[in-house]
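S.K.: Let me see the structure of the following:
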Amino acid sequence: MHGPGLLTFTTDFGTRDHYAGAMKGVVATVAPDVRVVDITHDVPSFDIAAGAFAIAQAYPCFPEGTVHVVVVDPGVGSSRRPIAVQAGGHLFICPDNGVLSLVAESADVFKARLIRLRHGLAALSRTFHGRDLFAPVGARLAAGLPFEEVGPEVADFTLLPATNPANSAGRILYVDGYGNLVTSIRERDLPVGACLAIAGTRICLRAESYASVPSDRLFLIAGSSGFVEISLNRGSAANALGVRAGEHLVIASERKEPIVASAQSAKDIM
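M.R.: Next comes the predicted model:
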């Protein structure tokens, strides 16, 4: 890593309270030359899967060597372990609760180490390990602490269920701020002409862009994440279907003729 280290934060803390600011203060105290970037503090509260999606989408956009502090931690103060992970040329600091599951799916290397508490601050609260443990350890790594010195290797780290569809089933990984439903189905795994069925509704219409579909139609689109999204042009698919992250869906049987919407064919599907 050349120049000052780079550290990011991904949390469910929001910005109303002092939590995100306190973590930044810790970094400024421990390693004042480290640059800090917020990926998001608006992961839905306690939603580990949503945190896993957010960090997996964002971290490849940063230079190798970046340290990512990921704190979506409903088990804070319990027996869950704090870990540091080396994956994809990056370092991650987080609770061992599966929040790096999508990172693990895509990374060729995934090495985890238990964080020894001596790397944190002198006082460790029972409710704010983001400030007292994860932020200072992340700051020290970004400032040059060797990964191997964090603690002993961990082989039995926690992972959420794989996103690869099994038996034509999947789930909603994430609901973004527009109400788009990001599914666990990758574009390559959805056969031409197949539909997705969720909440008693079959969605078969496919689009190349949001604007190519009438505003009252639910449709499928390959999102920037590489996963298929269920969307509603200028509306919330989540509200229209009454579903949220974690709900299950199935790949419905193929139709004889694929239904595809594009900017040229939008009028034909009315």
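
S.K.: Check the secondary structure at residue 53 for me.
M.R.: Counting by DSSP: H, G, I helix; E, B strand; the rest coil, the backbone at residue 53 sits in helix.

S.K.: what sits against it?
M.R.: By CB atoms under 8 Å, 6 or more residues apart in numbering, the contact set of residue 53 is 102, 173, 174, 182, 225. For every residue, glycine as well, the C-beta is placed using N, CA and C.

S.K.: would you list these in CSV and tack on neighbour count and pLDDT?
M.R.: As requested, the contacts of residue 53 are exported to CSV (neighbours: other CB atoms under 10 Å; pLDDT from 0 to 100):
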residue, neighbour count, pLDDT
102, 27, 94
173, 23, 90
174, 26, 92
182, 23, 96
225, 17, 90
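
S.K.: In helices, which of those fall?
M.R.: If you go by DSSP state H, these have residue 102 in helices.

S.K.: For the residue nearest to residue 24 when sequence neighbours are not counted, give me its contacts.
M.R.: Across the structure, with CB to CB, 6 or more residues apart in numbering as the measure, the residue nearest residue 24 apart from its sequence neighbours is residue 36 (5.7 Å). Under the criterion of CB under 8 Å, 6+ apart, the neighbours of residue 36 are 7, 8, 9, 24, 27, 28.

S.K.: Among those residues, the buried ones, what's the PyMOL command?
M.R.: Selecting the buried subset of the contacts of residue 36 in PyMOL, with 16 or more other CB atoms under 10 Å as the burial test, is done by:
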select buried, resi 7+8+9+24+27
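
S.K.: and the two most separated of the contacts of residue 36?
M.R.: Considering CB to CB, no two members of the contacts of residue 36 lie farther apart than 8 and 28, which are separated by 15.0 Å.

S.K.: quick one: low-confidence ranges for the stretch 101-250 of the chain?
M.R.: Within the stretch 101-250 of the chain, the ranges that satisfy pLDDT under 70 run 117-122, 164-167.

S.K.: mind listing the helices in it by residue range?
M.R.: 101-106, 129, 135-142, 237-241 (DSSP state H, counting those that start in this stretch).

S.K.: which stretch among those helices comes nearest residue 51?
M.R.: Residue 51 sits nearest to helix 101-106 of all the helices of the stretch 101-250 of the chain, at 9.7 Å, using CB to CB.

S.K.: quick revisit: please identify which of the contacts of residue 36 is nearest to residue 77.
M.R.: residue 9 (20.2 Å).

S.K.: what about the closest one, which helix or strand?
M.R.: Residue 9 is part of strand 6-11, with elements assigned from DSSP states H and E.

S.K.: Repeat that for residue 57.
M.R.: Assignment of secondary structure by DSSP H and E places residue 57 within helix 48-58.

S.K.: got the angle for that helix vs strand 6-11?
M.R.: Regarding helix 48-58 and strand 6-11, their directions subtend 150 degrees when assessed with axes from the mean of the first three to the mean of the last three CA atoms, to 10 degrees.

S.K.: Show me the residue at the heart of this protein, geometrically.
M.R.: Nearest to the mean C-alpha position of the chain, counting by CA atoms, centre = their mean, stands residue 53 at 1.8 Å.

S.K.: about what we covered before: can you put the helices of the stretch 101-250 of the chain in JSON lines and add distance to residue 63?
M.R.: As requested, the helices of the stretch 101-250 of the chain are exported to JSON lines (distance: least, CB to CB, whole Å):
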{"stretch": "helix 101-106", "distance to residue 63": "16"}
{"stretch": "helix 129", "distance to residue 63": "27"}
{"stretch": "helix 135-142", "distance to residue 63": "12"}
{"stretch": "helix 237-241", "distance to residue 63": "34"}
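
S.K.: Figure out which of those helices is closest to residue 249.
M.R.: helix 237-241 (9.9 Å).
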